[in-house]
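**Student:** Sequence and predicted structure below; questions after.
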2 protein chains.
Amino acid sequence: MPTMSRAENRAEQTSAILARARAQLADVGPAALSVRQIARDVGMVSSAVYRYFPSRDELLTALIVEAYDELGDAVQAADAGVRRRDDLAKRFLAVCNAIRDWARANPHEYALLYGSPVPGYAAPDDTVSPAIRVSGAFLSLAQASEQAGDELGAPTHAVTTKERKALDGIRPALESPVSDERMVRWLMAWSTVFGHVSLELFGHMHRGILDYDAHFAQVNGQLVADLGLA
Amino acid sequence: MPTMSRAENRAEQTSAILARARAQLADVGPAALSVRQIARDVGMVSSAVYRYFPSRDELLTALIVEAYDELGDAVQAADAGVRRRDDLAKRFLAVCNAIRDWARANPHEYALLYGSPVPGYAAPDDTVSPAIRVSGAFLSLAQASEQAGDELGAPTHAVTTKERKALDGIRPALESPVSDERMVRWLMAWSTVFGHVSLELFGHMHRGILDYDAHFAQVNGQLVADLGLA
DNA sequence: AGAAAGCAAGAGCACTGCTCTCGTTGTGTG
DNA sequence: CACACAACGAGAGCAGTGCTCTTGCTTTCT
């Protein structure tokens, strides 16, 4: 039983625990995730797990980070899959569909990220950097659209001075400037997309919308038009 | 200790339990809601609570119904508070603000309604009828707008035939017809509003948007314009 | 080689949802 | 009016949870 240094073993056990936790999360959801069950699954006793994760919440936080990364990868890959980089409409649609597809494929993970915050307030700074990758995809498209000189496809409601100040938090994250009017539109698109996905996934469109795919496509089409990507 | 019939007592105990559950929900959130703690609070032993609610999930369902009703009341009152009934923009803004205000005042309740579904799948038919009151507010405004002959404030993306069929689920809930183009816009507004509130409340706008009030007002202003209510 | 640190196991604490039993007590019926 | 029945509250108990602490053992560092 040599053949494994302490560090190696630790890495292996850590990822084994995470893998089982991941599976259990997908299976029964975050609320029912049990440290003891995970321990049994990986052939440990529950107290041993606490050598690797100081608490159940920390384990959940690790899962959150993983999920954000996975979603970020999916979104990034979808965007990168569009060959004509200046076809912003196509890139936008790819991103939106990637978000929804991932959410539908991983409902519990999506709920963990965008549903109610499960523990008191987990979100320490560990989670924010992977979290911004998704909204970052929207922001880069917004910048590209601005640089391409696109005109917004719908009349713009005058941006208030308060709102201009409120947007100061976003500007530092931009490499190239985006007009406030366009930024508002893109933020609205962000809310609309996640609003739709959440409402759909959490059952609020039940018996109202009969074809989620069609409706999401319709909404995206309208967003493309409003953003002036067509 | 007479002075109380069995039925009276039952009603009183039931509402006492509900009241404490309500308070605990607002305090610690749905996940940490404990039947035993509620029992202690109302001066009972835990097993006695099960004479009134067959399980913790049923209790939660009752709370969900209560919360839907409260939000529905708030929305309805906000709408009714607008004197000029034909000022649809004002009514729309009143409804949107009522939703957000209620959500901010009752974050745990909002999370229970629009966040991740906590128990496996509670939502039996008990919850659907109070739930549709909120979306119903949007729908009545959409109908009023159609009847007023408002023109949509932004170019319309062509509605696909699939989407037209997808909307069949909503039509039975309408008293007066609404064009599919307008309906799509209103559904988008619905997604946008709840998307914004969820993203804001669950912390996803942290450090990005510096003034939630201003941004929400800006978004609503744009929605009013897009819906042609101005 | 010896001290220090890492690790797995087990026992145990305080808590949870929920079930069952056991007296008591109010209620509708013969 | 009396009696049987159903509702009720309390208590014990089961199976499960997160987490801590102690006890040995083993790898690593000095």
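**Tutor:** Cool, got the structure. Numbers count the residues shown, from 1 in each chain, chains lettered A, B, ... in the order given.
**Student:** quick one, what contacts A:Ala111?
**Tutor:** By C-beta atoms under 8 Å, 6 or more residues apart in numbering or on different chains, the residues touching A:Ala111 are A:29-30, A:201-202, B:115-117. Bear in mind the C-beta positions are built from the backbone N, C-alpha and C, glycine included.
**Student:** Correction: the previous question concerned A:Ala16.
**Tutor:** A:Val42 are the contacts of A:Ala16 under C-beta under 8 Å, 6+ apart.
**Student:** So for it, what's the pLDDT?
**Tutor:** Reading off the confidence values, A:Ala16 has pLDDT 98.
**Student:** Quick check: A:Arg207 touching B:Gly169?
**Tutor:** Yes: A:Arg207 lies in contact with B:Gly169 (C-beta atoms under 8 Å); the separation is 5.6 Å.
**Student:** which of those two has more neighbours?
**Tutor:** Taking other C-beta atoms under 10 Å in any protein chain shown, A:Arg207 and B:Gly169 do not tie; B:Gly169 has more neighbours (16 against 12).
**Student:** Is chain B within reach of the one helix or strand A:Leu187 maps to?
**Tutor:** If you go by DSSP states H and E, A:Leu187 is part of helix A:180-201. Yes: judged by C-beta under 8 Å from any C-beta of the partner chain, helix A:180-201 comes into contact with chain B through A:184-185, A:187-188, A:190-196, A:198-199.
**Student:** Over to stretch A:47-64?
**Tutor:** No: applying C-beta under 8 Å from any C-beta, one finds stretch A:47-64 separated from chain B by no less than 11.4 Å.
**Student:** if I read this right, A:Leu18 contacts A:Leu63, doesn't it?
**Tutor:** Yes: taking contacts as C-beta under 8 Å, A:Leu18 lies within contact range of A:Leu63: 7.4 Å.
**Student:** Going by neighbour count, which residues of the lowest-mean-pLDDT helix or strand in chain A are buried?
**Tutor:** Least confident helix or strand, chain A: helix A:125-148 with a mean of 92, by mean pLDDT, DSSP states H and E. For helix A:125-148, burial by neighbour count (16 or more other C-beta atoms under 10 Å in any protein chain shown) applies to A:127, A:130-132, A:134-135, A:137-139, A:141-146.
**Student:** show me the contacts for the residue of chain A found nearest DNA strand C.
**Tutor:** Going by C-beta to the nearest atom of the strand, DNA strand C is nearest to A:Ser47 of chain A, at 2.9 Å. For A:Ser47, the contact set (C-beta under 8 Å, 6+ apart) is empty.
**Student:** Please state the offset of the helix or strand that contains it from the chain centre?
**Tutor:** Using DSSP H and E, the element containing A:Ser47 is helix A:46-49. Centroid separation between helix A:46-49 and its chain, computed with C-alpha atoms, centre = their mean, to the nearest Å, is 31 Å.
**Student:** re earlier: which one of the contacts of A:Ala111 sits closest to B:Ala158?
**Tutor:** Nearest to B:Ala158 among the contacts of A:Ala111, counting by C-beta to C-beta, is A:Leu201 at 26.8 Å.
**Student:** That closest one contacts A:Arg104, correct?
**Tutor:** Yes: if you go by C-beta under 8 Å, A:Leu201 and A:Arg104 touch, sitting 7.0 Å apart.
**Student:** Comparing those two, which shows the higher neighbour count?
**Tutor:** A:Leu201 (20 against 14).
**Student:** Spit out the contact partners of the more buried one.
**Tutor:** Residues in contact with A:Leu201, defined by C-beta under 8 Å, 6+ apart, are A:103-104, A:107, A:110-111.
**Student:** and which of these is nearest to DNA strand D?
**Tutor:** Nearest to DNA strand D among these, with distances taken as C-beta to the nearest atom of the strand, is A:Ala111, at 17.7 Å.
**Student:** tell me which element that closest one is part of?
**Tutor:** helix A:107-114.
**Student:** quick one: that helix to helix A:180-201, angle?
**Tutor:** Comparing the axes of helix A:107-114 and helix A:180-201 via axes from the mean of the first three to the mean of the last three C-alpha atoms, to 10 degrees yields an angle of 140 degrees.
**Student:** and the helix holding A:Leu187, how far from the chain's centre?
**Tutor:** 13 Å.
**Student:** Buried ones in it, by neighbour count?
**Tutor:** Applying 16+ other C-beta under 10 Å to helix A:180-201 flags A:180, A:182-201 as buried.
**Student:** what do you get for stretch A:44-63?
**Tutor:** For stretch A:44-63, by 16+ other C-beta under 10 Å, it's A:44, A:49, A:52-53, A:56, A:58-63.
**Student:** Ok, stretch A:102-110 next?
**Tutor:** Residues of stretch A:102-110 classed as buried under the neighbour-count rule (16+ other C-beta under 10 Å) are A:102-103, A:106-110.
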